[in-house]
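A.B. asks: okay, here's the prediction I keep looking at, along with the sequence it came from:
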Amino acid sequence: MRRSTLILVALITMTLLGIVAARETSRSRFIELQTLQNKIFALNNRWGQLQLEQATLASDTRVGDIAHQQLGLQAPRTSQIVMVKSQ
Amino acid sequence: MNDRRLPAPRLSRWRPRLLLGVLGAGMLGIAWQSWQVQVGKGSFLRNQGELRYQRQLPVPTPARASIYDRYGQALAVSVPTTTLWVEPAIFTKHRDQWSRLEGVLGMDARRINERIAHGGSAFAYLDRQLDPGTAERAMALRVPGLHPVQEYRRFYPMGEVTGPLLGFTNVDGKGSEGLELAYDHALRSWAGRQEVLRDNRGQSLQVSTRRPSRLGQDLYLTIDSRLQYVTYRALAAAVQGFAARSGSAVLLDTQTGAILAMVSYPANNPNDRDHYNPGIASNRAITHAFEPGSVMKPFAVAAGLDSGHVQAQQRFAVDTNCFRVGSYCIRDDVRHGTLSIGEILKYSSNIGAAKIALATPAKDLYGLLQKLGFGGNSLGLPGETSGRLPDWHQWSPASHAAMAYGYGISVNTLQLAAAYGAIAHDGVYVPPHLILGQRLAGTRVMSSATAAHLRNWLAGVVAPGGTGFLAAIPGYSVAGKTGTAAMADGKGGFHHHQVNTTFVGFAPVTHPRYVMAVTVRDPTRGWRYGGVVAAPVFRVSMAEALRLGQVAPDRDLSPTGLEKISALQQQRWAEGGGDAVH
């Protein structure tokens, strides 16, 4: 066989192996992508839950009610306010 | 060397032919089979293959986008919930397992039967929007025919405080009212779809075609949730305290037109769908138009001054019980002699305001009111009213005069706040906006000198002896105007015992930062005046806005001239910003 034919056969074989490898890589990458997408989805949901929890715990209504009812706090009357001038 | 050659074996002639025949037949067979597989049964086999390995998979639906206030505080958030559905044909065959399910879901067999009866033969909702933990416990019972599906539930952490403004979504996550409806398209997320090739372990290998899921866009409002809360409580206290029918209030940034608070009371709690009352769902600050009364007087003055037909130093004789215009008799609550423009505003003289308006061409007064946004302009929210500003060509002398003290025109609370914003902002009207970053350019609607005069005169209204004294905030200069208007009865007349009380004002007068309008509809207890009912709502909310906005006090805490005010006013003054009960 001529030398050029051998080189051609080798190149074709390498290309074929390359295709198989690329396909395998793309599949495993895709599986990874899907896993990460599911993770994003779950984290987004968790983020929503935490935002809700934070907003509920820190809501002015709740803080106000605790201040009035449990701690007995009141807004000061005019005579109780002392204005301090900055230097 | 031995060159003797072996004699060539004698092959029978049929053997190669047989071999060629067998090979040829084999190849023909393969070719035929290939033809069959590729072409003959091609489509059938491809379908079968796809059935085994290709899957149409819905990409999980992302949550509906959130709504935040200007500081990123969540006002509406969707969180995942699980809905349980059943295949009635299978589920009803396992009634013996229902008792365990009843314990987890807290519903009895009768209720379960009802739910199944509501559905079809293949599908029925058992329980919607459960928290994921409960759903997981129910699914762990492995009752045949019971399936979970993920859904979202919308929560509004501020409840009724933002209820009428935000609106709500229905059980399917679609906007039904308020901002949720107006911005439904932007907020909604859509499920995507992908076609994937799967391996024998069920793992996806490759996406064939795909429609990506669409993530809704988060909405950032100009609202400051703290001011929204304070304003809501103050308004609720006024509506309850004066046994009024309803109320609304709007707080704006004078420089940018940003809506910092927009409240309506009474309101639904959007988290509680079971007790939803459609009668109180609307955002009255924009959906309720009313005749505003005396709060319109400053605009008659502005039109008079800018048109050159009225001078700032001019005085008007109001010493009469009845100033007749056409067949109408215009009256003042208290009879005065001759008043300056400042005094006309301070004592809220209808006769004085009517005289100013009649001295001003109708076209000029109409032009100013139109430029101030009355009868037009909107935020684009559902149910919003633009009010009514009749064309000046249709004005009779009586309706021309009435325009000065706020009759024959209808407005909403937001329009009033924005119009006073022009006085506060040196004569430049900035249209209000609710979405952060969507600021609109301002337009000059009155001269800077006129705006300065008005600020000065309106400060007199809130000074001791003025009708708006209860709006005064210790430590700050405040300007504003009270309004008390008989409510129209819808038949061309008025309910003489039903009034709309209003206060519109801004602070500090020297460099106005905030402008606020308060309307309380039909108070039935105590002194039913704008200066008594609505002004305290302004005082409480504005005091908090100034404090949170870190605006330095520009006045002493103890006012001069306290002897000029009533005992009630002195008591209210002593209360200061006060606590708004809710």
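C.D. replies: Sure thing, it's come through.
A.B. asks: chain center to the top helix by length along chain A: distance?
C.D. replies: When chain A is scanned for its longest helix (criterion: DSSP state H), the result is helix A:3-57. Computed by Cα atoms, centre = their mean, to the nearest Å, the chain-centroid distance of helix A:3-57 equals 18 Å.
A.B. asks: what's the answer for stretch B:111-119, then?
C.D. replies: 36 Å.
A.B. asks: ditto for stretch B:437-444
C.D. replies: So, by Cα atoms, centre = their mean, the centroid of stretch B:437-444 is 20 Å from its chain's centroid.
A.B. asks: now that stretch: buried residues?
C.D. replies: Buried residues in stretch B:437-444, counting neighbours by 16 or more other Cβ atoms under 10 Å in any protein chain shown, are found at B:439, B:442. Every C-beta, even on glycine, is put in place using the N, C-alpha and C of the backbone.
A.B. asks: give me the residues contacting it.
C.D. replies: Applying Cβ atoms under 8 Å, 6 or more residues apart in numbering or on different chains, the contact partners of stretch B:437-444 are B:220, B:256, B:257, B:258, B:371, B:425, B:427, B:428, B:429, B:430, B:431, B:433.
A.B. asks: before we move on, the earlier item: the longest helix of chain A - contacts with which helices or strands?
C.D. replies: For helix A:3-57, the packing partners by 3 or more Cβ pairs under 8 Å, 6 or more residues apart in numbering or on different chains; DSSP states H and E come out as strand B:74-86, strand B:204-211.
A.B. asks: quick one: the strands in the stretch 451-582 of chain B, in order.
C.D. replies: Per DSSP state E, counting those that start in this stretch, the stretch 451-582 of chain B carries strands over the ranges B:479-488, B:494-507, B:514-521.
A.B. asks: pipe those into a markdown table and attach mean pLDDT and distance to chain A per row.
C.D. replies: Output for the strands of the stretch 451-582 of chain B, formatted as a markdown table (pLDDT from 0 to 100; distance: least, Cβ to the nearest Cβ, whole Å):
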| stretch | mean pLDDT | distance to chain A |
| --- | --- | --- |
| strand B:479-488 | 87 | 19 |
| strand B:494-507 | 87 | 16 |
| strand B:514-521 | 95 | 18 |
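A.B. asks: so the longest helix of chain A versus strand B:74-86, what angle?
C.D. replies: For helix A:3-57 against strand B:74-86, the angle by axes from the mean of the first three to the mean of the last three Cα atoms, to 10 degrees is 110 degrees.
A.B. asks: residues in contact with the residue positioned nearest the centre of chain B?
C.D. replies: With distances taken as Cα atoms, centre = their mean, residue B:165 lies nearest the centre of chain B, 3.1 Å away. If you count contacts by Cβ under 8 Å, 6+ apart, residue B:165 has them with B:178, B:179, B:223, B:228, B:262, B:263, B:264, B:283.
A.B. asks: rerun at 7 Å
C.D. replies: B:178, B:179, B:262, B:283 (Cβ atoms under 7 Å, 6 or more residues apart in numbering or on different chains).
A.B. asks: what about the helix or strand encompassing residue B:43, average pLDDT?
C.D. replies: Using DSSP states H and E, residue B:43 maps to helix B:42-53. Helix B:42-53 carries an average pLDDT of 80.
A.B. asks: likewise for stretch B:274-294?
C.D. replies: Averaging pLDDT along stretch B:274-294 yields 87.
A.B. asks: which parts of that stretch are buried?
C.D. replies: Residues of stretch B:274-294 classed as buried: B:280-294 (neighbour count, 16+ other Cβ under 10 Å).
A.B. asks: and those, which two are furthest apart?
C.D. replies: The distance between the two most remote of the buried residues of stretch B:274-294 (Cβ to Cβ) is 30.2 Å, for B:281 and B:294.
A.B. asks: chain center to the longest helix seen in chain B: distance?
C.D. replies: Ranked by residue count, the top helix of chain B under DSSP H comes out as helix B:14-35. From the chain centre to the centre of helix B:14-35 is a distance of 80 Å (Cα atoms, centre = their mean).
A.B. asks: about what we covered before: most packed of the strands of the stretch 451-582 of chain B?
C.D. replies: Neighbour counts (mean count of other Cβ atoms under 10 Å in any protein chain shown) averaged over each of the strands of the stretch 451-582 of chain B peak at strand B:514-521, with a mean of 29.
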